[in-house]
Structures are given as C-alpha cells and as structure tokens.
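Colleague: dropping a prediction and its sequence here:
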Amino acid sequence: MTGVAQPPSSSLAETASWFIILTLMIGVYWYGSLADGGAFGISALHQLGPAWSVAILLTCAILATVVAASPPAPAFFESQIVAAGLALLSFPVLFFARTNFVNPDGNMLPPKIEHDVALVGSFATHDEMLELFVHSRVWYYTHSLWGWTVALSYQVLSCAAGAAFVYAVLRLSRRLAPEVPWLVVLGLLGGGYIQLFFGDIENYTLTAALVTFYLLAASRFLEGEVGLWVPTVLLALAICFHLLAGWLIPSLLYLFSVAWRRRGDVRELARSSVLGTVIVVAVVAYLNFHGLPVRRFFSSHAGHALRFNGVFAIGMPVTYYIEQLNLLLLLGPAILMFVPLLIWRRCEAGDVNRFLMVAAGVMMTFQFIWRAQLGVYNDWNLFAIGALVVTTCLWRLIASAARTRQLRIAASGIALAGWAHTYAWVVSNHLYGR
C-alpha cells in the first residue's frame, strides 16, 4: 500500500486493550438490552431482552474466532464481478428490511415534492440540490408509469444507493487493507449509518454512496492509478447532491498537496479545480432556471450558516451532547478503538492515512458543531455520512494494526458486536419504526 509503514509488533498490553474493548462492547450492549430505548446509542437489543442479547453477542464473539481463523482469501476481493454480484444481491435484502421510521423532514417531503413537480417539474433546495431534484424526477416518472408514491420511489432509490455502496466498500477494502480486506468489509458494513440504505426517506443516501466512491477514487489517486481530476469530480458531484459533502473539501486539498509534492504539475491542479468548479456552477445555473433561483440560497441552512444564524450547536444543554455521544456510538460502534490506536501509535504516517484522518477530523468536527434541528435522534441521518467517513478511517487503522491472529480475533469480534447492535436497530426500525 502506498505510503504505509510496517507497524511495530503488538505487545501483550495492546492485545489485552483490544479484548477489553470487545468485552466492554458486549457488556454495554447487554446493559442496553435492559433499558427502555432511552439510551439509543446502546439499547437497540432491548427488544430481544437480556437473555437473547447475551446469547447473540457471545455468538458474535465465537464467530469472530472462526472468521479470523478461516478468512476469505484476499483474491475474493479482487474480482469486480464478485463485487457487482454481491451489490446486486444486496438490493432485495435492503428493500425487504426497509425502514418504517420516518423523521419529520421525511414526512414533509411528499407534499412538497408533489406540489413543486406539478408546478415547475421538480423540487430542490440549495442545501440538497441534486438529491431532491433526482428524487423528485424519479417520483415523477415512477408515479406516471406505475403509480408509485413519493415514499416508495425514495425507498427504492435509497436501496439502489445501498447496492452501489456495497460495491464501493468491496472495491475499497482491498486498497485499505490488502492483507485483510474482509476485516474492513466487516467493519464498514457494521456501522449504524448503514440504515441510510434500508430505504431511508431523507436526502443523504445518494450523497453517501458518492462520498464512498470519492474515498475509493482518492485511494486510487494516491496509488497512482487515476488522475487528481477523478476524486475532484466525484466530490464536486457529491457537493451538488448535498452541501454536507463540502465539509470534505479539506481532504481534497490534501490530495492537491500530494499531487503538487509528487509532480509539481500546475496544469493538473488547474484542470482539476476548473472541472470541479464547472460542475458546481453548471448545476446551480441549471436549477436557477428550473425552479430554484439563486436568491433562495440565503434562506437555506447553508445561507444561515454563513450568517452564523441558528445552525451551530452553541450554548446547548449538556443533555444535547450526551445524546450526540449516544449517536456516535450508534453510528460508529467501534469508535472506542481510536483509544488504543492512539496509545500504541497505530496512526502511522502515509498519504492514505493522512487523507483519511483529515476527512474524519472535519466530519467529526461537523457532528459536534452543527446543530441537530430536529433533535439528535430524529436528525441521525444528518450525521451518518460523517460517521461513514470516520469509520472508514478507523477500520483502515485497525486492519493495518491487526498483524497477529489474536488482534484479528479481537477486531472481528468488535466488528460483529457492532453488527449485532446495528442490525437489531435496522430490524427494529423495520418492524416497529424505531
């Protein structure tokens, strides 16, 4: 892997710390199964009760030993056909288990889309330009052809984005961890942000898939496989889908700095900058004449942010930050692994790691300075893309550090414990709406 130094051998204390975190996760999730759902970061198993919960969690720990002892061959992750096949197979699973939990914004979308499509052909805002535009046009065609509701068209497109996400994760895993790609796949498919792709009726799913492809393109650029323009174009498109992706611009600037350091080619930097800018300007200009005048930008969340008007989490009560910590645990179950990784200096230098740490740092900052307007739980999907980026960085570091069988067993257990909690939440949202 480009720019990756061989980490030092693990010590007994480091190995013990990983197993302590695994034990802590199992204990906390079991404790959460006794709760009534209030501590939503750890209580997804409460529907099952403590007995079934501990049985499932211990099964995950046992499976971790089996998986680490007999992992899939790395060659399995080299095949684009395998990745495409598994992505296609994931769609019916995502759609069958689609969520029945819809936040207040999701409940307001159908009448807005129906009204604006009839009036001007589409619905969009400057915060989420192409997310809303694409969803509203897809509804127009599916409603005309098959009588679909807005909610159903949203869910089908969200699940399709999920299939694209699965493909991107499989292609990304072999780049982040050539020796243990299966470990990265386990980790990335076990975060709570995966709920986005189970038919979430909100405007983050297409952006999340694009952001994952941006991470893939960035890793390919850092390996010298593609030009700088490829990740630049993908991030520009992601920003056009949702301005939230603009928080990743510092990570793109890091890629620009790498390009300059390696080749010193001003034309490459200029070409990529122009391409990205043209894409954003073209989308804004097109929508300006198709139902979204530029003057409306100042009434968007982004416009309010520029005026420091009510969008930042300043002066919030302590309970708000407790809920944010709950959300962090829900969306990124393995987040505590950053502690031993930092203590044993597993965040080694290298362009890939630096890129991911910049991306993760700005998205973590976003979670704690941007205000959840609907309440933290109802606005979980606003922070899901950030959790996806942070988790990608985390599992890259974990996989790089997991050089012994014991560490791989612990890492697999942590990933599978996250699966148990995340998919208990997914099933709960499907069956009960929470």
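Modeller: Received the coordinates, thanks.
Colleague: who are the contact partners of the residue of the chain most remote from its centre?
Modeller: Relative to the mean C-alpha coordinate of the chain, counting by C-alpha atoms, centre = their mean, the farthest residue is L119 (34.1 Å). Contacts were defined as C-beta atoms under 8 Å, 6 or more residues apart in numbering; by that measure L119 touches G291. Just so you know, the C-beta spots here come from the backbone N, C-alpha and C atoms, and that holds for glycine as well.
Colleague: let me know the helix or strand that it is in.
Modeller: In this structure, L119 sits in helix 104-120 according to DSSP states H and E.
Colleague: so what pLDDT did G121 get?
Modeller: In the predicted model, G121 carries a pLDDT score of 91.
Colleague: contacts only, for it.
Modeller: Taking C-beta under 8 Å, 6+ apart, we find G121 in contact with 137, 140, 290-291.
Colleague: most neighbours among these, which one?
Modeller: Note: the member of these with the most neighbours is Y140, at 20 neighbours, neighbours being other C-beta atoms under 10 Å.
Colleague: pLDDT below threshold where in the protein?
Modeller: Flagging of the chain using pLDDT under 70 yields the residue ranges 1-10, 36-37, 304-308, 434.
Colleague: hmm, try it at 80
Modeller: Within the chain, the set of residues satisfying pLDDT under 80 comprises 1-10, 35-38, 73-75, 297-310, 348-349, 433-434.
Colleague: the most centrally placed residue in it - nearest residue in space that isn't next to it in sequence?
Modeller: In the chain, the C-alpha nearest the mean C-alpha coordinate belongs to L388, at 2.4 Å (C-alpha atoms, centre = their mean). The spatial neighbour of L388 that comes closest, neighbours along the chain excluded (C-beta to C-beta, 6 or more residues apart in numbering), is Y193 at 4.7 Å.
Colleague: with L132 instead?
Modeller: Take L132 and drop its neighbours on the chain: the residue closest to it by C-beta to C-beta, 6+ apart is A124, 4.4 Å away.
Colleague: now that neighbour, what's its secondary structure?
Modeller: Using DSSP: H, G, I helix; E, B strand; the rest coil, the secondary structure recorded for A124 is coil.
Colleague: hmm, back to that, now do the contacts for the residue nearest to the centre of the chain.
Modeller: Each residue near L388 by C-beta under 8 Å, 6+ apart is listed here: 188, 191, 193, 208, 211-212.
Colleague: return the member of those nearest to I279.
Modeller: Looking at the contacts of L388 and their distance to I279, the nearest is V211, at 15.4 Å (C-beta to C-beta).
Colleague: can you tell me the helix or strand for that closest one?
Modeller: Taking DSSP H and E as the criterion, V211 maps to helix 205-222.
Colleague: also C240?
Modeller: With the criterion set as DSSP H and E, the secondary-structure element containing C240 is helix 229-241.
Colleague: what residues does that helix touch?
Modeller: 128-131, 134, 206-207, 210-211, 213-214, 217-218, 220-221, 245-246, 248-249, 252, 255, 268, 271-273, 275-277, 279-280, 283.
Colleague: report the angle between it and helix 205-222.
Modeller: Interaxial angle, helix 229-241 versus helix 205-222 (axes from the mean of the first three to the mean of the last three C-alpha atoms, to 10 degrees): 160 degrees.
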